[in-house]
Structure formats: structure tokens, C-alpha cells
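Asker: need a 3D model of the sequence below.
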Amino acid sequence: METRRAVLRETIESTPAGEIVGLLEELVLRGRRAGAPYDVAVVALSALLDEEDDATLAYTRRAELYAAARDAGLEAIAALLLGERAVDGPAAAAERPLRPGGRALTLGERKALARGPRGDALERLMRDTNPQVIRALLANPRLTEKDVVRIAALRPQNAANLREILRARRWSVRRSVRCALAWNPHTPGAIARRLLPLLDSADLAALAQEGPDDAIRCAAEAILRLRRTRDGPSEGRDEPDDTEGGAESGGGATEEG
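Answerer: Take a look at the predicted model:
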């Protein structure tokens, strides 16, 4: 991911804004259906534009690209370049018990359990508020796609935990995980909007109607319009998803915490 992001950053910084907007348009149009390298580039772009990341693209360059997208009438591209702060979730705890009334476990203890065998402890750690614990969980080979969807859909949820899911290549390629992130109101809006090019048109249509906020609904509708403009009214019948759990509905991937 770091190498892809570095290449993308160099390209964005050294290429005229109008050409970059055209490149971003292709990523939006091809990201879901064309697979690699387009979907990988969209995820790298999201990381590059993440305001919480130290390597984020400079604000002045982002503003230039936003203006170029607006001048070209590409609202779907302009929406990708907007940034905002996340809805506050639970504070990340250094120590917390696994069970109510139990002994508070240190961060190191919980990380060790997160790498362990499947059982009650692993189930409870899926609700942990510390992103280091979530990172250890996501790397555990015993974790399933259904588990990750539960973590991604949990409400309330830390934005930092949701970022860990997006950064986990093993899971961020899954349609059901992407949908859960897009539907969760605790996902930073800018990140959720940058996931939209990776979704099927049916998922986008659902988000355009009932997404978690106006910005997501408008961005989903803008991408749908762009796809229809380029591909015609038949666009929307995407190829079936072949990942585990691909038939799950993004709108249903919610779990109140």
C-alpha cells in the first residue's frame, strides 16, 4: 500500500490538475468493475487524502484539484476531494475488562488475546475501542468476513478502528466490508465517499436513497449519474461479486452497539 500511495502521490503532485481530474474520473468509473489495479488505486487515493494521515496530500493541491473538478462539472470527483472530521466514537481505552465486572486487561494483554484462538475472548474483543487491538484482530487468520462486517458496522465505533479495516488489504477488498463502512455514520465522511467508486450500482442506489447523511447520498447519486453518462442507462447490472459474503446487502450491515 505504501508503495502504491507514493507512486500515486508523485503522479498527482507532478501532473496538471485537469489531467489528474480525468484520471480520477477513470478510477471512479472503473474501480469496482475493472478490479486491480483500479480498485487498489482507489484505496491508495483514500489513504493519500486522509487528513489523519501524516503523508496526506497538501491542502493547496487538494484545493486545486477540487476547483478543476468543479470547473469540469464532475461533482462525483469533487466529492472525493472534500475532507471533514469524523463523528466522535468511544474513547480508545488503554485498559478495559473483557466482561462487565472483570479485571481490567492491559492493552498488551488484549492484543495477545486478539491473536489467539477463536472463542469468547475473540468475540468480545471485536467491540474493543483501541485500534491496536482491532489491527491485531484483523491479522488473525481465524477471523471471518462476517466478523469484520460486524466490526465495521458497530455503532458507536471509533473512526480509528474503521481506518484499520480500510488499511487491511485482506478485508478492504470485500464488498460486504466496504458496504458496512459506507453505511456506518461513524466512518469519516471523506473516507466513506472515497469508498463509493468501489461499490456496485445497486449498492450506490441504496445509499443514494437511504445513506447515513446528505453528503453520502449526494455523492452516491453523483457517481451513478457519471456512470450512466459514460455507460448508458443499462449501467447498474454489475458483474456478481465473487468474494465471500458478496451477496450481503450493504444497507443491512448494521449492528447497534
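
Asker: how about the CA coordinates for whichever helix in the chain runs longest, as CSV?
Answerer: Taking DSSP state H as the criterion, the chain has its longest helix at helix 214-231. What follows is helix 214-231 as a C-alpha-only set of coordinates in CSV (Å, rounded to 0.1, in the frame of the first residue of the first chain):
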residue,chain,number,x,y,z
ASP,A,214,-26.8,14.1,2.9
ALA,A,215,-23.2,14.1,1.7
ILE,A,216,-23.1,10.4,1.2
ARG,A,217,-26.4,10.4,-0.5
CYS,A,218,-25.4,13.2,-2.9
ALA,A,219,-22.0,11.6,-3.6
ALA,A,220,-23.6,8.2,-4.4
GLU,A,221,-26.1,9.8,-6.8
ALA,A,222,-23.3,11.8,-8.5
ILE,A,223,-21.3,8.6,-9.2
LEU,A,224,-24.5,6.9,-10.5
ARG,A,225,-25.1,9.9,-12.9
LEU,A,226,-21.5,9.8,-14.0
ARG,A,227,-21.7,6.0,-14.8
ARG,A,228,-25.0,6.5,-16.6
THR,A,229,-23.5,9.3,-18.7
ARG,A,230,-20.5,7.2,-19.7
ASP,A,231,-22.0,3.8,-19.9
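
Asker: which of the residues in it are buried?
Answerer: Neighbour-count burial for helix 214-231 flags 215-216, 218-224, 226-227 (criterion: 16 or more other CB atoms under 10 Å). Using the backbone N, CA and C atoms, a C-beta is placed for each residue, glycine as well.

Asker: got the contact list for that helix?
Answerer: Outside helix 214-231, the residues within contact range by CB atoms under 8 Å, 6 or more residues apart in numbering are 25, 28-29, 74-76, 79-80, 82, 84, 182, 189, 192-193, 196-197, 201, 204-205, 207-211, 235-236.

Asker: from those residues, which land in strands?
Answerer: The members of the contacts of helix 214-231 all map outside strands under DSSP state E.
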